[in-house]
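Colleague: Next input, structure requested:
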Amino acid sequence: MSNTRTAPSPRPDSPAAADRSFARRRTALAAGLVTVGGMAGAFVTSPAAAATDWPVAGRNIRLIVPSPGGGGTGDTIARIFAEELARRLKTVFVVDNRPGANGNIGATVASQSPGNGYNFLFSWAGTLAVNQALQKKIGYDSQRDFAPIALLAEVPNILVVNNDLPVKDLAQFNAYVKANPGKLSYGSTGIGSSMHLAGELYSREYGAQMVHVPFASPGNATTNLMNGDIQLMFQLIPGIAGQVKAGRVRAIGVMAPQRSPGLPDVPTMVELGAPKLMSTTWFALLAPRGTPADVIERMNTVANEIIADPATRKRLAEIGATPMGGTPKQLADHLAAEIVRWGRLVRDARIEVK
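Modeller: Residues are numbered from 1 along each chain as shown. Okay, the predicted model is just below:
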């Protein structure tokens, strides 16, 4: 789907401004405002009336996704939810892919979009939590500029090694890393990515000395892992499950509290005695600041209905994602905790993207 260009601050005579004006007039009528000869009386918008109005039939809703289209984990999950939201709310959800700058471009576009109930952001841990510490100027504030709606799903990192590495479990891996300081390389999709930070998390927990090798794509990194050019990865399960099942790489442990539906036979780091080695990419739905509270509530209700639906849970499990759900406050609390957690790691490891 082609990208659309959105002006952050529409002129008063622009179509976007006209949409806003129409929405205000429509809400005013629903609240019982009477205008005579151009003179309007004061009024208070009724939440029930606003909820009845939204979404307006025939008006598209934009779901901004700060990654390329074409089948990546984030884009795939976003489209699963966009499809279900459209079906349940009986309107069209347009997935607007805005990739670039570790997700900053898309998140900035979303933060500058009108909070009118027709713009939403689908984003994840890196963009919403890690970038706050990773980069000095990102164009938005995850907590100030967005209203949280719901935590949708998460995908854990998993420690995998090349088949030639003489280790079969975490204890053997730890011993091998300790015996070979600086000789092992791990791949990632770039500085500050979940794969990179998972490696830093492991290194700081065990005092390990490993070489980080960033690649342009997870596919390139995985190919180099299978070829033996790098020895290990802290991959995301959707990108490596097929190679694990085919025996092309060896899985050591899932970096989540529970086993992954994508690789149910692989133990968790908790099971392996390493409960601090937790690293997942979580995905969430948010709205620009100022979006009406009743719209947030409706979206949260529908999102949780989707998450509870067996068909959706099966689709998520097939790509290695674990369904989440919950209230807007639970997402807000989770985001706050993640900003603190990953911010501390980024600062301690002195990681920076200029």
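Colleague: max-length helix in the chain?
Modeller: Assignment by DSSP state H gives helix 328-348 as the longest helix of the chain.
Colleague: Please name every helix or strand in contact with that helix.
Modeller: Using 3 or more Cβ pairs under 8 Å, 6 or more residues apart in numbering; DSSP states H and E, the elements in contact with helix 328-348 are helix 131-134, strand 146-162, helix 194-206, strand 280-288. In this view, the C-beta of every residue, glycine as well, is placed from N, C-alpha and C.
Colleague: Next one: the residue nearest the centre of the chain from Glu338, what distance?
Modeller: The centre of the chain sits closest to Trp124, judged by Cα atoms, centre = their mean, with a distance of 1.7 Å. Going from Trp124 to Glu338 by Cβ to Cβ, to the nearest Å gives 10 Å.
Colleague: what is in contact with those two at once?
Modeller: By Cβ atoms under 8 Å, 6 or more residues apart in numbering, Trp124 and Glu338 have these common neighbours: Trp282.
Colleague: What part of this structure, helix or strand, is modelled with the least confidence?
Modeller: For the chain, counting by mean pLDDT, DSSP states H and E, strand 35-36 ranks last in confidence among helices and strands (a mean of 25).
Colleague: From the chain's centroid, how far away is stretch 258-272?
Modeller: Offset of stretch 258-272 from its chain centre (Cα atoms, centre = their mean, to the nearest Å): 21 Å.
Colleague: Look at it and report the distance between its end residues.
Modeller: End-to-end distance for stretch 258-272, by Cα to Cα, to the nearest Å: 12 Å.
Colleague: For that stretch, buried residues please.
Modeller: Buried positions in stretch 258-272, judged by neighbour count with 16 or more other Cβ atoms under 10 Å: Arg259, Ser260, Pro261, Gly262, Leu263, Val266, Thr268, Met269, Val270, Leu272.
Colleague: Next, the contact list for the fourth one, please.
Modeller: Taking Cβ under 8 Å, 6+ apart, we find Gly262 in contact with Ile237, Pro238, Ala241, Ala317, Glu318, Ile319, Gly320, Ala321.
Colleague: Show the buried residues in those.
Modeller: Applying 16+ other Cβ under 10 Å to these, the neighbour count classes Ile237, Pro238, Ala241, Ala317, Ile319, Gly320, Ala321 as buried.
Colleague: related to what we said a few turns ago, now the longest helix of the chain: buried residues?
Modeller: Quick answer for helix 328-348 (16+ other Cβ under 10 Å): Pro328, Leu331, Ala332, His334, Leu335, Glu338, Ile339, Trp342, Gly343, Leu345, Val346.
Colleague: Which one of those residues is nearest to Gln231?
Modeller: When the buried residues of helix 328-348 are ranked by distance to Gln231 (Cβ to Cβ), Leu345 comes first, at 22.3 Å.
Colleague: what sits against the closest one?
Modeller: Leu197, Glu200, Leu201, Arg204, Ile351.
Colleague: again with Ala308
Modeller: By Cβ under 8 Å, 6+ apart, Ala308 lies in contact with Gly325.
Colleague: same check, this time on Asp169
Modeller: Asp169 neighbours (Cβ under 8 Å, 6+ apart): Ile252, Leu272.
Colleague: cool, Val211 as well?
Modeller: With contact set as Cβ under 8 Å, 6+ apart, Val211 has these partners: Gly182, Leu184, Ser185, Tyr186.
Colleague: Relative to the whole chain's centre, how far out is the longest helix of the chain?
Modeller: Distance of helix 328-348 from its chain centroid, counting by Cα atoms, centre = their mean, is 13 Å.
Colleague: what do you get for stretch 343-354?
Modeller: 20 Å.
Colleague: what do you get for stretch 185-201?
Modeller: That offset, for stretch 185-201, works out to 17 Å (Cα atoms, centre = their mean).
Colleague: Same check on stretch 291-306?
Modeller: The answer for stretch 291-306 is 18 Å, by Cα atoms, centre = their mean.
Colleague: buried ones in it?
Modeller: Buried residues in stretch 291-306, counted by 16+ other Cβ under 10 Å: Thr291, Pro292, Asp294, Val295, Ile296, Arg298, Met299, Asn300, Val302, Ala303, Asn304, Ile306.
Colleague: Also stretch 225-239?
Modeller: Buried positions in stretch 225-239, judged by neighbour count with 16+ other Cβ under 10 Å: Leu225, Ile230, Gln231, Leu232, Met233, Phe234, Gln235, Leu236, Ile237, Pro238, Gly239.
Colleague: Spatially nearest residue to the third one, not counting backbone neighbours?
Modeller: What that stands for is Gln231. Distances taken as Cβ to Cβ, 6 or more residues apart in numbering place Leu184 nearest to Gln231, at 4.7 Å, with adjacent residues excluded.
Colleague: pretty sure the one you found contacts Asp229?
Modeller: No: Leu184 is beyond contact range of Asp229, at 12.0 Å (criterion: Cβ atoms under 8 Å).
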